[in-house]
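Need a 3D model of the following:
(one chain, ligands or ions: 1)
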Amino acid sequence: MGKFAEADAQIMKIAICRKCKTRNKSTVKKCRKCGAQAMRPKRRDIRAKK
Ligand SMILES: [Zn+2]
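Numbering: from 1, shown residues only. Below is the predicted model:
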């Protein structure tokens, strides 16, 4: 768990397109930019200190 609960909540809502790395809402099925369906959830474990 991060230090800021609100930030964690925001991060959990983000999905990254594997194709163009655009940030999308995790609720969407397709990338808003390129339309790719290859999405991954944004990992908050890494870069925790940044
Ligand atoms: Zn994309």
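
what's the following helix or strand after the helix or strand of the chain with the lowest mean pLDDT?
Least confident helix or strand, the chain: helix 5-12 with a mean of 81, by mean pLDDT, DSSP states H and E. Sequence-wise, the next helix or strand downstream of helix 5-12 (DSSP states H and E) is strand 14-17.

Which strands border that next one, and is each parallel or antiparallel?
Neighbouring strands of strand 14-17 in its sheet, by DSSP bridges, are strand 23-25 (antiparallel), strand 39-41 (antiparallel).

Let me have these in a markdown table, extended by mean pLDDT, distance to the ion and mean neighbour count.
Backbone N, C-alpha and C define where each C-beta goes, glycine included. Output for these, formatted as a markdown table (pLDDT from 0 to 100; distance: least, Cβ to the ion, whole Å; neighbours: other Cβ atoms under 10 Å):
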| stretch | mean pLDDT | distance to the ion | mean neighbour count |
| --- | --- | --- | --- |
| strand 23-25 | 92 | 8 | 14 |
| strand 39-41 | 87 | 8 | 14 |
